[in-house]
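Visitor: okay, here's the prediction I keep looking at, along with the sequence it came from:
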2 protein chains.
Amino acid sequence: MSRPTIKDVARHANVSLKTVSRVINGEASVRDDTRERVQRAIDELDYAPDQAARNLRGATSHALGLVYDNPNPYYVISVQNGVLAACRDQDFGLQIHPCDSNAPDLADELRELVAHARLAGLVLAPPMSERMELIRYLAEHGIRFVRIISAAEDPNDGYPCVYVDDRDAAYDITEHLIQLGHQRIGFLWGGAEHRSSPERFKGYEAALKDYGIPLDKKLVIPGDYSFDDGFRGARRLFALREPPTAIFGSNDEIAAGVLAAAKANGIDVPYELSIAGFEDSPFSRQSWPALTTAKQATEDIARHAALRLIAELKPAGSGVLHVNRGFSPQLVIRDSTARVRTTTP
Amino acid sequence: MSRPTIKDVARHANVSLKTVSRVINGEASVRDDTRERVQRAIDELDYAPDQAARNLRGATSHALGLVYDNPNPYYVISVQNGVLAACRDQDFGLQIHPCDSNAPDLADELRELVAHARLAGLVLAPPMSERMELIRYLAEHGIRFVRIISAAEDPNDGYPCVYVDDRDAAYDITEHLIQLGHQRIGFLWGGAEHRSSPERFKGYEAALKDYGIPLDKKLVIPGDYSFDDGFRGARRLFALREPPTAIFGSNDEIAAGVLAAAKANGIDVPYELSIAGFEDSPFSRQSWPALTTAKQATEDIARHAALRLIAELKPAGSGVLHVNRGFSPQLVIRDSTARVRTTTP
């Protein structure tokens, strides 16, 4: 495999290596006719600037790292695809770095990752993105990053982010269930280390309060963003003396677990039990019945996060995003929620 | 952020830059006591060799690329995790590259990816791994790769691979259905551009033949490895004058689509219809009833593929795999298959 080198380009265009390098790095100090001659030589020779070499020359790297810790494959693939879309658009590569968010040396792990693979910056998914001590550590060590976080508004803490208003969407789901006549609505938490979990709980709590329904703590079950915890949590709710007539699972995986538990117990969904999830994963459309949920534009959110990071890396005014942006998941009503049954047992 | 440089290490160990470089690159020409002195300096200064710089110096890159085109998130995440496990073990980074396997300029796209990001080599998932013209093109252009392919035995074509015996596992699934008394067994194809699809069909065909059951072409439906095609294919089979009593979906997503179609049509699974999938995805354990399937050790297969590639990149005898290895998915019997109903309609 004999690829043309930067020397071939310089010889072909009859300029110095330094001039070719300046053109490749987009420096302004090159005359227009020289720039055109070099560009023509690059095109004619089909020269591809080597990225690793360019990293050293220009002291800028052209790969981002994506850091996540999430058990849900649909979520992870959506985040990857969104970040990749931005990377391809802006000519960056993407290294993936799933990690254990509970690892005691996570901060060092990420610092070494950036140094070792010479990454230009990191896209941090929850829950890493929501740990302020980690965020401050990375910033202190000169590591560029963007955070995908759960928040009702821009935190304005000086660190770049995109934020998702989980609270508002959870309010909408709970309100939908209340408007169907439900008064006893179970709530299954997601992983408490994700800020989205308390945010979704706050939305549930606020809707109950606004409609004058007292919060019954027996109806609120801790757990993780997983199918198994949905299954287990639902079983606990079914065993109550007064079981709920509706269950709000903090994501679609949890809701799918509730659905399986209902089927295992011979409970008819939605006529004996309404179930709602959160996320609008393909899973929520494929279950039977299909799940009422909140549509979270994960891929678009992740794409904006990566563009936000790239904006930090590039000079101002280069046409990419320089502000934190917020996203609001939207209620999607499907077949798993229905009016409360009127017969009493 | 002031990180120690290779110069600091050289000064600290009182050796030349070249010696430090030799130690970092694991060259044999360094005396043991010198090597120890340099290593001690590296440890004391907490020096992390910069990978991009090392790439240039050693003319070897330390990131692999993973190339795939698959609609199934569970499969993709398993492949990524397997390749990452090998990369971490062998100190490589991983760039991901989902692509469109039907893109007319795919070969150029992959060549540019490797050149641009200076990747050490590519792990190719199906169907890219099974296109011989693409494989030959990459080899001719000096690109190192390993293939994950579907084959009953080592193709012995001179290109490194790991191979999965889909045919044998599909035979086992079909035999299981036959032994439950089923004679009319529907077969839903996966994407024809994946070699696993005809391999799985051959297994189905061979089992029918061995048990003296004639192949009824009306029971064989083309499609893709997707939930939607499972749903549609099942609907077509239900509409037959003599519908099947069992359906073998070529993967778990297809089987899940069949399950949803059965529920939509009020067909009781497994007592009126047996359903089997392939892959043992989490989905297959979470559906209701849980799916009979073939357990494919996707993560382990992908890990071995990456180790096989790294073996190609390293000198012989460096403790990693230098032979093509085969994998056989295993039958897993769950609740979606049962003895054929004895009542006639």
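Guide: Received it, and whenever you're ready, just let me know what you need.

Visitor: so where's chain A shaky on pLDDT?
Guide: Residues of chain A meeting the criterion pLDDT under 70: A:1-3, A:25-28, A:48-61, A:315-321, A:342-345.

Visitor: domain map for it?
Guide: A:6-49, A:63-165+A:298-329, A:169-295 (automatic domain parsing).

Visitor: near chain B at all, the second one?
Guide: Yes. Applying CB under 8 Å from any CB of the partner chain, one finds that domain A:63-165+A:298-329 is in contact with chain B at A:63, A:73-74, A:76-77, A:80-81, A:84, A:93-96, A:98, A:112, A:115-118, A:141-143. Where you see a C-beta, it was placed from the backbone N, CA and C, and this is true even at glycine.

Visitor: which one of the residues in the stretch 51-200 of chain A is closest to chain B?
Guide: Closest residue of the stretch 51-200 of chain A to chain B, CB to the nearest CB: A:Gly142 (3.2 Å).

Visitor: circling back to that earlier point, narrow the residues of domain A:63-165+A:298-329 next to chain B to those that are buried.
Guide: A:63, A:73-74, A:76-77, A:80, A:84, A:93-96, A:98, A:115-118, A:141, A:143 (16 or more other CB atoms under 10 Å in any protein chain shown).

Visitor: ok so, going back, what about the residues of domain A:63-165+A:298-329 next to chain B, which are in helices?
Guide: A:Pro73, A:Tyr74, A:Val76, A:Ile77, A:Gln80, A:Asn81, A:Leu84, A:Glu112, A:Ala115, A:His116 (DSSP state H).

Visitor: which among those residues gets closest to A:Val220?
Guide: Nearest to A:Val220 out of those is A:Tyr74 (CB to CB; 25.5 Å).

Visitor: not counting sequence-adjacent ones, nearest residue to the closest one?
Guide: Setting aside the residues directly before and after it, A:Tyr74 is nearest to A:Ser281 in space (CB to CB, 6 or more residues apart in numbering or on different chains), at 4.2 Å.

Visitor: could you do A:Ile178 as well?
Guide: In space, and not counting its chain neighbours, A:Ile178 is closest to A:Tyr211: 5.0 Å by CB to CB, 6+ apart.

Visitor: how many residues are close by the one you found?
Guide: 12 (other CB atoms under 10 Å in any protein chain shown).

Visitor: so it makes contact with A:Glu175?
Guide: Yes. In this structure, A:Tyr211 is within contact of A:Glu175 by CB atoms under 8 Å, at 7.4 Å.

Visitor: okay, and the common contacts of these two?
Guide: Shared contacts of A:Tyr211 and A:Glu175, defined by CB atoms under 8 Å, 6 or more residues apart in numbering or on different chains, are absent.

Visitor: which residues in chain A form strands?
Guide: A:63-68, A:93-98, A:121-124, A:145-150, A:161-164, A:185-188, A:220-221, A:246-249, A:274-276, A:293-295, A:325-327, A:330-332 (DSSP state E).

Visitor: so which elements touch the second one?
Guide: Contacts of strand A:93-98 with other secondary structure elements, assessed using 3 or more CB pairs under 8 Å, 6 or more residues apart in numbering or on different chains; DSSP states H and E, are made with strand A:63-68, helix A:73-89, helix A:106-116, helix B:73-89, strand B:93-98.

Visitor: and for A:Asp280, the neighbour number?
Guide: 22.

Visitor: gap between it and A:Asn72?
Guide: According to CB to CB, to the nearest Å, A:Asp280 stands 12 Å off from A:Asn72.

Visitor: same check, this time on A:Ala170
Guide: Distance from A:Ala170 to A:Asn72, by CB to CB: 17 Å.

Visitor: comparing the two, which shows the higher neighbour count?
Guide: A:Ala170 (28 against 21).

Visitor: surely that one and A:Ala294 touch.
Guide: Yes. Counting by CB under 8 Å, A:Ala170 does reach A:Ala294; the two are 7.3 Å apart.
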